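Asks: here's a sequence, model it:
(chains A and B)
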Amino acid sequence: MRKVLAVLVLAVLFCTNVFSSQVDMLVNKMVDLNLLTPGDAQQIITETNQDERSLIAAGTSETLPQWIQNMSFKGDFRTRVQTDWAVNTAARTRARIRARLGIDTRVTDGVKVGFGLATGVNKTLGTAIGSDVSDGEPRSTNWTLQNTFSKAPLMLDYGYIEYEPVGYAKMQIGKMKGNPIWNTSDILWDTDLNLDGAALFLTHTLTPELSLFLTPEFITIDESSTDSSDPSLFAIQPGANWKVNDMLNVRAAVAYYAFNVKDKILDFNAGTNTGSTTGLKNSFEALNPSIELTISDLFGYSLGLFSDYVVNNSSGEQNVGYAAGAKFGFAKVGDFGQWQVKYLRRWLQTDAFVDAFPDSDSYSGKTNVLGDEIIIEIGLTKSTSLTLDYYAMDAIKGNSQTTPKSLLQADIVVKF
Amino acid sequence: MKKSLVAIFLATVLAVNCFAVNKKIVMDGSTTVLPIAQAAAEVFMDANKDIEISVRGGGSGVGATSLVEGTCDIANMSRSMKDSEIQKAAGRGVIAKANVVAMDGIAVIVNPSNTVSALTKKQVKDIYTGKISNWKQIGGQDVKIVVISRDSASGTYEAFGSLALDAQKVRSDALTMASNQQIAVTVSNTPGAVGYVGLGFISEKVKALSIDGVIPSKKSVLTKEYVYSRPLFMYTNGSPKGDVKKLIDFIKSPEGQKLVDEQGFVALK
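Replies: Residues are numbered from 1 along each chain as shown, chains lettered A, B, ... in the order given. You can find the predicted model right below:
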């Protein structure tokens, strides 16, 4: 009789939509009543729990609505206080916020759509009432608290389709998240920039320790109704990742950029390239090698050494730049008491790279700059951190009495 | 004429046999599950001459990657698949199906000359995270503790990290070994050493400690009375079918579970 009862209960469990916690309770009760052995109970409980995880990941679980199973959400909120200093200029202190929300949804096998919203500054296109508005600062998602409690605009930060037919090839198209080209620093590309266009991500594993990657991309920079040759970029980056041993990892790559920007004036340029405001003199055909060494355990902490270098071959002078630095501490700050210190030295000549793209906090994103940056990040909770970021910058060619500038940012970031 | 026909017939049979391909099952992954997989494969192939089974190690992480990429039929794992692995699998149309084939306990072992026979969970955590460095701090001899751990690709390392260390980092001066066997040998040769291994790797050359008053044994692991207990998995892409199903069913059968027992793990039946 007991065996019959056990079989009937198990049949009910597997034929109805019961939550795994209910399964655990019922199965444990059956062990107490000697209807099941502990071994069978472990098997049923464990396999049921694992099966539910797989079904949810595949979007076929019957215990959760379909739309939840296929979607993943993440975002963060940042509050910032920053102060700018410059010679003969009053210090400027601003309170700023940033909100970001991203949604990924798996449409079908191998196809994903991702889009994200973020705060920013908008600008009005035209002077007529009701003119369209657009992003006023592509290199920033900050909103300064000002204008008598004005509300912050929320914009589409990125939106793309991703297709991954096989494990070694992935394609993205749209307004992609970040820059598909890998760099160790933001000397060339501000981290708030989300590039428009298409990119292919190819990887190949030679051995468990050595893998290769190749990333070609085509980026549209602007669109003009009067010019059939719109500003654009073709870039390609071959690279390799080498896990030398359990402690040491090396990643290296060389990016080749072929910009179509000669004689053009780009929106949001910093005004420092030759011809920025009248028509760029150079076409910016640049080579950019990057390398990063990571030692995962040095006295219990992680040490990273990194460098980016760039040379613009289409210009014969003022065409070189580099960033080099180190970071020490926890590889990733993700809990109370964890910390990381990072130092970066940067040097970017006038025509080394297009001045519409470098880190906007570094001397307002200009070229013809040199300076040091130090960042200290401290974990406050599992999802909250405090960051202090200090820039001491100057112009490479300028009046050293009046050109130095400093910037200090204090951030609290909460991720979810 | 008759001779020609017989010759043609024999030649055809020979040709067919030459081109006949043995069915193949590939198992990848955990070094903990490896002895069970190898023992079961040997017996199964004896009874099924047309099936060839290849068993490879490399760690649970390797097994999971292999299943997702379609380069193995069965991923042997001494831990459950991570959320990221399950998501990646789902994205490739692979539904990771967990098949529990045995239970295992992770035993904390010391050299037989060590006078310490019991530790609490907190003491194990403190030893492995660097807070305790000498056996005398926990009632033992005045000997420096030589801490031994597994490499990060190992499921035993992941399971120990989550069951014993609350995901905290192992101390930086811990020696890292690539397999349970290496840990057992090193501990047996090093008086002040402490290590952790699957239950199947306990022998008379090492001493297994009781944790929170419970000795790691088959009974205490099956009932989960022993705190460092874990299931051992053979993951497949969806419910097992065909020859893979035959193999998994065999391992779960009383005969297969006898092999599990013989390898020093805890049989489910």
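Asks: give me the three-state assignment for A:T272.
Replies: coil (DSSP: H, G, I helix; E, B strand; the rest coil).
Asks: chain B contacts on the stretch 1-150 of chain A?
Replies: Neighbours of chain B within the stretch 1-150 of chain A, by Cβ under 8 Å from any Cβ of the partner chain: A:37-40, A:42-43, A:46-47, A:50-51, A:53-55, A:57-59, A:106, A:109-110, A:112. Every C-beta, even on glycine, is put in place using the N, C-alpha and C of the backbone.
Asks: run a quick neighbour tally on A:E223.
Replies: A:E223 has 10 neighbours, counted by other Cβ atoms under 10 Å in any protein chain shown.
Asks: for the stretch 151-300 of chain A, what spans make up the strands?
Replies: Along the stretch 151-300 of chain A, counting by DSSP state E, counting those that start in this stretch, strands occupy A:154-166, A:169-175, A:196-205, A:210-220, A:232-243, A:248-260, A:285-298.
Asks: do the stretch 1-150 of chain A as well
Replies: According to DSSP E, counting those that start in this stretch, the strands that the stretch 1-150 of chain A contains are A:71-86, A:89-108, A:111-119, A:122-124, A:133-135, A:143-144.
Asks: around chain A, pick out the residues from the stretch 151-269 of chain B.
Replies: Applying Cβ under 8 Å from any Cβ, we find that the stretch 151-269 of chain B lies next to chain A at B:151-152, B:169, B:171-172, B:176, B:222-224, B:231, B:233, B:266-269.
Asks: show the buried residues in the residues of the stretch 1-150 of chain A next to chain B.
Replies: Buried members of these, counted by 16 or more other Cβ atoms under 10 Å in any protein chain shown: A:38-40, A:42-43, A:46-47, A:50-51, A:53-55, A:57-59, A:106, A:112.
Asks: in helices, which of those residues appear?
Replies: If you go by DSSP state H, these have A:38-40, A:42-43, A:46-47, A:50-51, A:53-55, A:57-58 in helices.
Asks: including pLDDT, could these go into CSV?
Replies: Shown next, in CSV, are those (pLDDT from 0 to 100):
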residue, pLDDT
A:P38, 81
A:G39, 83
A:D40, 85
A:Q42, 82
A:Q43, 86
A:T46, 85
A:E47, 88
A:Q50, 87
A:D51, 85
A:R53, 83
A:S54, 83
A:L55, 80
A:A57, 76
A:A58, 73
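Asks: can you pick out the most distant pair from the residues you listed?
Replies: Greatest spatial distance among these (Cβ to Cβ): A:P38 and A:A58, at 30.4 Å.
Asks: residue nearest the centroid of chain B?
Replies: B:T32 (2.0 Å; Cα atoms, centre = their mean).
Asks: burial count for the nearest residue to that one once chain neighbours are set aside?
Replies: Distance criterion Cβ to Cβ, 6 or more residues apart in numbering or on different chains; nearest residue to B:T32, sequence neighbours excluded, is B:S78 at 4.0 Å. The number of residues packed near B:S78 is 28, by other Cβ under 10 Å.
Asks: quick one: contacts for B:S78?
Replies: Listed by Cβ atoms under 8 Å, 6 or more residues apart in numbering or on different chains, the contact partners of B:S78 are B:30, B:32-33, B:60, B:104, B:154-156, B:159, B:198, B:230, B:232-233.
Asks: how far away is it from B:L199?
Replies: 11 Å (Cβ to Cβ, to the nearest Å).
Asks: where do the contact lists of the two overlap?
Replies: Taking Cβ under 8 Å, 6+ apart as the contact rule, B:S78 and B:L199 both touch B:D104.
Asks: list the buried residues of stretch B:209-223.
Replies: Judged by neighbour count using 16+ other Cβ under 10 Å, the buried positions of stretch B:209-223 are B:209-211, B:214-218, B:220-223.
Asks: how about low-confidence regions in chain B?
Replies: When residues are selected by pLDDT under 70, those of chain B lie in B:1-22.
Asks: go again with 50.
Replies: The model of chain B has pLDDT under 50 over residues B:15-20.
Asks: do you know the pLDDT at A:E223?
Replies: Here, the pLDDT recorded for A:E223 equals 87.
Asks: that one and A:S229 touch, don't they?
Replies: No - using Cβ atoms under 8 Å, A:E223 is not in contact with A:S229, being 11.1 Å away.
Asks: closest to B:K246 out of the strands of the stretch 151-300 of chain A?
Replies: strand A:154-166 (29.8 Å).
Asks: tell me which other helices or strands the closest one touches.
Replies: In terms of contacts (3 or more Cβ pairs under 8 Å, 6 or more residues apart in numbering or on different chains; DSSP states H and E), strand A:154-166 is packed against strand A:89-108, strand A:111-119, strand A:169-175.
Asks: what are the structural domain limits within the chain?
Replies: All of this refers to chain A. Per the record's domain assignment (automatic domain parsing), chain A is made up of the domains A:2-58, A:66-415.
Asks: that answer is for a different chain, and I need it for chain B
Replies: B:2-102+B:232-262, B:104-222.
Asks: related to what we said a few turns ago, quick one: which of the residues of the stretch 151-269 of chain B next to chain A is most hemmed in?
Replies: Tallying neighbours with other Cβ under 10 Å puts B:F233 at the head of those, with 31 neighbours.
Asks: how about the CA coordinates for the host helix or strand of A:F328, as PDB?
Replies: A:F328 is part of strand A:320-329 when elements are defined by DSSP states H and E. C-alpha atoms of strand A:320-329 as PDB (Å, rounded to 0.1, in the frame of the first residue of the first chain):
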ATOM      1  CA  VAL A 320      51.200  59.800 -31.500                       C
ATOM      2  CA  GLY A 321      49.600  59.000 -28.200                       C
ATOM      3  CA  TYR A 322      49.800  56.500 -25.400                       C
ATOM      4  CA  ALA A 323      48.200  55.500 -22.000                       C
ATOM      5  CA  ALA A 324      49.900  53.300 -19.500                       C
ATOM      6  CA  GLY A 325      49.000  52.300 -16.000                       C
ATOM      7  CA  ALA A 326      48.500  49.800 -13.300                       C
ATOM      8  CA  LYS A 327      45.700  48.600 -11.100                       C
ATOM      9  CA  PHE A 328      46.100  46.800  -7.800                       C
ATOM     10  CA  GLY A 329      43.600  45.300  -5.300                       C
END
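Asks: can you give the strand pairings for the next helix or strand along the chain from that strand, parallel or anti for each?
Replies: Once strand A:320-329 ends, the next helix or strand along the chain (criterion: DSSP H and E) is strand A:339-348. Using DSSP bridges, strand A:339-348 pairs in its sheet with strand A:320-329 (antiparallel), strand A:369-379 (antiparallel).
Asks: who touches the longest one?
Replies: In other words, strand A:369-379. With contact meaning Cβ under 8 Å, 6+ apart, strand A:369-379 is reached by A:325, A:329-330, A:333-348, A:362-363, A:385-396.
Asks: hang on, the earlier thing: dump the ones in helices among the buried ones among the residues of the stretch 1-150 of chain A next to chain B to a markdown table, plus distance to A:F299.
Replies: As requested, those are exported to a markdown table (distance: Cβ to Cβ, whole Å):
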| residue | distance to A:F299 |
| --- | --- |
| A:P38 | 45 |
| A:G39 | 45 |
| A:D40 | 49 |
| A:Q42 | 41 |
| A:Q43 | 44 |
| A:T46 | 39 |
| A:E47 | 43 |
| A:Q50 | 38 |
| A:D51 | 44 |
| A:R53 | 37 |
| A:S54 | 40 |
| A:L55 | 44 |
| A:A57 | 39 |
| A:A58 | 44 |
